[in-house]
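Asks: 3D, please:
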Amino acid sequence: MEDTHHFIYTDKMEFHVLELPKLPKELKDSGDNILLWAKFINAERKEEFEMIATKDPYIASAYQKLQVISQDKQKRLEYEACEKAICDYNQFMYEADQRREKRGIERGIKIGEQRGIERINKLNALLVSNKRFDDLTRSSNNPEYQEKLLDEYGI
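Replies: Numbers count the residues shown, from 1 in each chain. Next comes the predicted model:
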């Protein structure tokens with residue numbers, strides 16, 4: 001729920017904002033799970049990790065995984081390779097979107113120019129067929145007048 005205006009963001013999940021530097025120094029026995037996870041994330045020494053891991057089985061499991069990854073060079077390299085692959089993929093998709101957008105803009109400009117040429121050619125043909133040569137000459141030098149004639153003919 002939003003604190004100021006008290007409206008619900010969603011009833012599907014909860015958001016908790018934790019400012020790690022503002023965490024209390026000592027953990028209370030009645031501390032909630034969120035506080036335990038925050039302390040775990042913010043821990044700096046092995047003793048802190050171990051003490052917090054004893055208080056919650058999920059945190060203990062996360063601590064075991066953290067120990068395995070930090071000790072096993074091969075696992076760390078695999079993790080780093082996976083992270084690099086994700087970053088490379090995201091960059092590739094971003095660049096592909098940029099190229100696709102540029103091609104779309106160029107294609108739109110080309111189509112717009114073609115339609116403009118077709119409109120002017122149609123106007124010129126109608127002016128010639130109606131023997132309005134003065135209007136043809138004037139519209140070729142005056143864009144506002146040309147637009148007026150396009151409106152007049154419904155082009």
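
Asks: in terms of pLDDT, where does the residue lying farthest from the centre of the chain sit?
Replies: Outermost residue of the chain with respect to the C-alpha centroid, by C-alpha atoms, centre = their mean, is Lys131; its distance is 56.8 Å. Lys131 carries a pLDDT value of 93.

Asks: in three-state terms, label the residue nearest the centre of the chain for me.
Replies: Centrality entry for the chain: nearest residue to the mean C-alpha point is Tyr94, 9.5 Å, by C-alpha atoms, centre = their mean. Of the three states, Tyr94 takes helix according to DSSP: H, G, I helix; E, B strand; the rest coil.

Asks: can you give me the pLDDT of it?
Replies: You'll see Tyr94 listed with a pLDDT of 93.

Asks: distance of it relative to Val68?
Replies: 33 Å (C-beta to C-beta, to the nearest Å). Backbone N, C-alpha and C define where each C-beta goes, glycine included.

Asks: which ones are touching the spatially closest residue to Leu66 that is not a sequence neighbour?
Replies: In this structure, Leu66 finds its nearest non-sequential neighbour in Phe49, 7.5 Å apart by C-beta to C-beta, 6 or more residues apart in numbering. Contact analysis of Phe49 by C-beta atoms under 8 Å, 6 or more residues apart in numbering lists 40, 43, 63, 66.

Asks: quick one: pLDDT of Phe49?
Replies: Looking at Phe49, its pLDDT is 88.
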